[in-house]
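*Asks:* Sequence and computational prediction follow.
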Amino acid sequence: MDNDIQGRPAHVAAIRERAEAEMREMGVDAAFIDRLVETFYGRVLAHPDLGPVFDARLSGRWPEHMAKMKSFWSAVAFRSGAYGGKPVQAHTGVQNLTPDLFPKWLSLFAATLDDIAPTPEAKAWFMATAERIAKSLILSLFYNPALDDPARKPA
């Protein structure tokens, strides 16, 4: 048991080191994360469907949100464990947030990566990660398992 406890910090450090090396090979660093977040959310605000939803929720709190998103993407990319937020709770109850906005969000994210990703590998990694995040949020926020109940479906 003691060996497991003592080995955990080394295991976590090894995971972080591998992630940092993987990101470095793709040309990803903290400056890229900052640029990605700044560019993407600038485009979100200008988007006719996404902008009003985000701005209504974040009006007056954009600097804090940007810092949080930079921390989030940095923690995801570098496996740093630095992000402690709760994305599902943060998105629960957002007015006018609907499942059909997520493909628009992903499309805008892809376009941002097309423009600024340092390598095709970085684009693929960030896009796959964003798709997983979107799917998770959609399922958490909108999925109702009762609707999949075969007993409730018409014959």
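*Replies:* Thanks, I have it. Numbering: from 1, shown residues only.
*Asks:* surely Leu113 meets Trp125?
*Replies:* No - contact criterion CB atoms under 8 Å: Leu113 and Trp125 do not qualify, at 9.6 Å. In this view, the C-beta of every residue, glycine as well, is placed from N, C-alpha and C.
*Asks:* quick one: Trp73 and Arg35 touch, right?
*Replies:* No - checked against CB under 8 Å, the pair Trp73 and Arg35 is beyond contact range at 10.8 Å.
*Asks:* Show me the strands in this protein, by range?
*Replies:* Remark: no strands are assigned in the chain by DSSP state E.
*Asks:* By average pLDDT, which secondary structure element in it comes out worst?
*Replies:* None of the helices or strands of the chain scores lower by mean pLDDT, DSSP states H and E than helix 87-91, at a mean of 68.
*Asks:* Run through the helices of the protein in chain order.
*Replies:* All helices of the chain, identified by DSSP state H, fall at 2-25, 30-46, 50-58, 62-78, 87-91, 101-116, 120-142.
*Asks:* Dump the ones you listed into JSON lines; add mean neighbour count as well.
*Replies:* Shown next, in JSON lines, are the helices of the chain (neighbours: other CB atoms under 10 Å):
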{"stretch": "helix 2-25", "mean neighbour count": "11"}
{"stretch": "helix 30-46", "mean neighbour count": "16"}
{"stretch": "helix 50-58", "mean neighbour count": "16"}
{"stretch": "helix 62-78", "mean neighbour count": "17"}
{"stretch": "helix 87-91", "mean neighbour count": "12"}
{"stretch": "helix 101-116", "mean neighbour count": "16"}
{"stretch": "helix 120-142", "mean neighbour count": "15"}
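*Asks:* By mean pLDDT, show me the worst of those helices.
*Replies:* Ranked by mean pLDDT, the helices of the chain end with helix 87-91 at the bottom, a mean of 68.
*Asks:* Quick one: residues in contact with stretch 121-128.
*Replies:* Stretch 121-128 is contacted by residues 23, 25-28, 32, 36, 77, 106, 109-110, 113-114, 117 when judged by CB atoms under 8 Å, 6 or more residues apart in numbering.
*Asks:* right, I mislabeled it, should have said stretch 31-47
*Replies:* 50-51, 54-55, 62, 65-66, 69-70, 73-74, 77, 104-105, 108-109, 111-113, 115-116, 118, 122, 126.
*Asks:* count of neighbours near the spatially closest residue to Ala56 that is not a sequence neighbour?
*Replies:* The spatial neighbour of Ala56 that comes closest, neighbours along the chain excluded (CB to CB, 6 or more residues apart in numbering), is Gln95 at 6.0 Å. Here the count is done by other CB atoms under 10 Å, and Gln95 has 8 residues near it.
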